[in-house]
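Asks: this one's structure only:
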């Protein structure tokens, strides 16, 4: 499978703190990659490097056939990258639909009826269409997670990056959200998903990568990776990234 996203020896340090240490991996078009690692492993920093909110000290990032290492976050978004955040921060005084429309117009580049129709389709995918006129601030945690997913999808991403989107949910809520993500992946969207709820990842991803101290420790078939003694040792006592 040809690389759709490629990181080649990407490194980033803040003084003596290294958040990416020669990180190299590839994601094929239409693939779903799961990422795990202990607290402070550099998982969210990796997303920030991919999306352009952090610049690497060295290395290169290629996306959809182009070297994007020097591109701004806005240019990368327009090229087809979108992400969710660990802590959902919707515009709480606006409705679910208004939140979706902001993403569709500002990040997705759509206007008027095109944007409205696209948002309706996405809200149906994320099971929020019946909550479209509800203020975002009144949503449950699952609702806010679904809205976070909605806003990322309304940017019309070729690459969707999910950061701890299942965190804090009940088992039933997690199962429901996982099915939604499986459906999105089934539509051909390339996904990178950072998550500590491992069984959620195993239900969706094609490949699993483990990082620690900003370095790739292991990568491959998800269940084979999870059976690795080295990975199990690293994973013991794992907690969510701060």
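Replies: Received the coordinates, thanks. These figures come from a predicted structure and were not determined experimentally. Residues are numbered from 1 along each chain as shown.
Asks: mind listing the strands in the chain by residue range?
Replies: Secondary structure of the chain by DSSP state E: the strands cover 3-14, 17-28, 32-36, 58-63, 66-67, 81-83, 159-163, 190-194, 207-212, 215-220.
Asks: want to try CSV for the ones you listed, with mean neighbour count and mean pLDDT as columns?
Replies: (Glycine included, C-beta is placed from N, CA and C.) Listed next are these as CSV, based on neighbours: other Cβ atoms under 10 Å; pLDDT from 0 to 100:
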stretch, mean neighbour count, mean pLDDT
strand 3-14, 18, 96
strand 17-28, 18, 96
strand 32-36, 25, 97
strand 58-63, 18, 97
strand 66-67, 12, 96
strand 81-83, 25, 96
strand 159-163, 24, 98
strand 190-194, 24, 98
strand 207-212, 22, 94
strand 215-220, 16, 94
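Asks: Distance to residue 124 for those - can I get that in CSV?
Replies: Below are those laid out as CSV (distance: least, Cβ to Cβ, whole Å):
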stretch, distance to residue 124
strand 3-14, 26
strand 17-28, 27
strand 32-36, 21
strand 58-63, 28
strand 66-67, 32
strand 81-83, 18
strand 159-163, 17
strand 190-194, 19
strand 207-212, 29
strand 215-220, 35
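Asks: Which among those strands is found nearest to residue 94?
Replies: Among those, strand 81-83 comes nearest to residue 94, with 18.9 Å by Cβ to Cβ.
Asks: Where does pLDDT dip in the chain?
Replies: 1, 235-242 (pLDDT under 70).
Asks: Sort out which residues of the helix ranked longest in it are buried, please.
Replies: The single longest helix within the chain, with elements called by DSSP state H, is helix 171-186. By 16 or more other Cβ atoms under 10 Å, the buried positions in helix 171-186 come out as 173, 174, 177, 178, 180, 181, 184, 185.
Asks: Pull the distance from it to the chain's centre.
Replies: Its chain's C-alpha centre and that of helix 171-186 lie 14 Å apart, by Cα atoms, centre = their mean, to the nearest Å.
Asks: how near is the residue nearest to residue 181 when sequence neighbours are not counted to residue 155?
Replies: The shortest distance from residue 181 to any non-neighbouring residue, by Cβ to Cβ, 6 or more residues apart in numbering, is to residue 204 (5.5 Å). As judged by Cβ to Cβ, to the nearest Å, residue 204 and residue 155 stand 20 Å apart.
Asks: go on, residue 36?
Replies: Remark: distance between residue 36 and residue 155 (Cβ to Cβ) = 25 Å.
Asks: OK, contacts around residue 85?
Replies: 148, 163 (Cβ atoms under 8 Å, 6 or more residues apart in numbering).
Asks: what phi and what psi does the backbone show at it?
Replies: The phi and psi values for residue 85, taken as degrees, to the nearest 10, are phi -120, psi 150.
Asks: Can you mark which positions in stretch 112-125 are buried?
Replies: Per 16+ other Cβ under 10 Å, stretch 112-125 contains these buried residues: 115, 116, 118, 119, 122, 123, 125.
Asks: Can you list which of those are found in helices?
Replies: 115, 116, 118, 119, 122, 123, 125.
Asks: Looking at those residues, spot the one nearest residue 166.
Replies: Closest to residue 166, out of all of these and judged by Cβ to Cβ, is residue 125, at 17.0 Å.
Asks: and that closest one, what does it touch?
Replies: Applying Cβ under 8 Å, 6+ apart, the residues near residue 125 are 153, 180, 183, 184.
Asks: could you list every residue that touches residue 223?
Replies: residue 202.
Asks: oh, I was asking about residue 96
Replies: Neighbours of residue 96 in contact, by Cβ under 8 Å, 6+ apart: 123, 128, 131, 132, 133, 134, 135, 136, 139, 143, 147, 150.
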